[in-house]
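Visitor: this is a predicted model, with the sequence first.
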Amino acid sequence: MTPPFRIELLGQQDRESFDCGAEALNEYFRTRVSQDVRRRVSFCYVAIEEATNRVAGYYTLAACGIALGDLPEAITKRLPRYPTVPAIRIGRLAIDRDFQGRKLGGVLVFDAIDRTCKSGIAAFAVVVDAKDDRAVAFYEHHGFQRLDEMKRTLFLPIGEALKRRVKSRP
């Protein structure tokens, strides 16, 4: 990512002033994310504003699986008949209020997909659990689809994400 932001692993960045407007996401980032990273439950990546070194946003990544029966039939007919397919979960994604409206959320989603592709570990899709209807709309705007049985769990096949990414580049 080019300035004014860089994306890096969570380290010793100041997290106390972070405020995305959702107290659960703020509290997680300020007090619990380090425990999850230390326990290798998830990794956390932060967008840092170059000029100030402030945390502008963050997301977490963890491995997961999607039950084949939860995917739409149009997709499952092209997949092997395993009980689950590998996926990566964006567990949390938040943008500080001072940086909202700059399309940084979409950048973080596609950074997560890029990291997944570069990891050398196979994953069919990226999965998210949207907190509310506004988050659902955000993810659907970026090409995510709802899983059949779970209204706020969405997925985006990585192959589709890469196609969307190529089409959106100048």
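Guide: Received the coordinates, thanks.
Visitor: pull out the buried residues from stretch 93-111.
Guide: By neighbour count on 16 or more other C-beta atoms under 10 Å, the buried set for stretch 93-111 is 93-96, 99, 104-105, 107-111. For the C-beta atoms, the positions are set from N, CA and C on the backbone; glycine is no exception.
Visitor: quote the end-to-end distance of that stretch.
Guide: One end of stretch 93-111 sits 12 Å from the other (C-alpha to C-alpha, to the nearest Å).
Visitor: what's the answer for stretch 21-32, then?
Guide: Stretch 21-32 end-to-end distance (C-alpha to C-alpha) = 17 Å.
Visitor: which residues touch residue 125?
Guide: 66, 85, 87-88, 155-158 (C-beta atoms under 8 Å, 6 or more residues apart in numbering).
Visitor: then residue 22?
Guide: Here residue 22 is in contact with 94, 131 (C-beta under 8 Å, 6+ apart).
Visitor: now do the same for it: its pLDDT.
Guide: For residue 22, the pLDDT comes out at 95.
Visitor: distance of it from residue 130?
Guide: Separation of residue 22 from residue 130 (C-beta to C-beta, to the nearest Å): 12 Å.
Visitor: just residue 35 next, same as before
Guide: For residue 35, the distance to residue 130 (C-beta to C-beta) stands at 24 Å.
Visitor: more neighbours: those two, which one.
Guide: Neighbour comparison, residue 35 and residue 130: the larger count goes to residue 130, with 19 against 10 (by other C-beta atoms under 10 Å).
Visitor: and the gap between the more buried one and residue 77?
Guide: When distance is defined by C-beta to C-beta, residue 130 is 26 Å away from residue 77.
Visitor: and if you look at residue 28?
Guide: 38 Å.
Visitor: and residue 61, what does it touch?
Guide: 42-45, 88-91, 112, 115-116.
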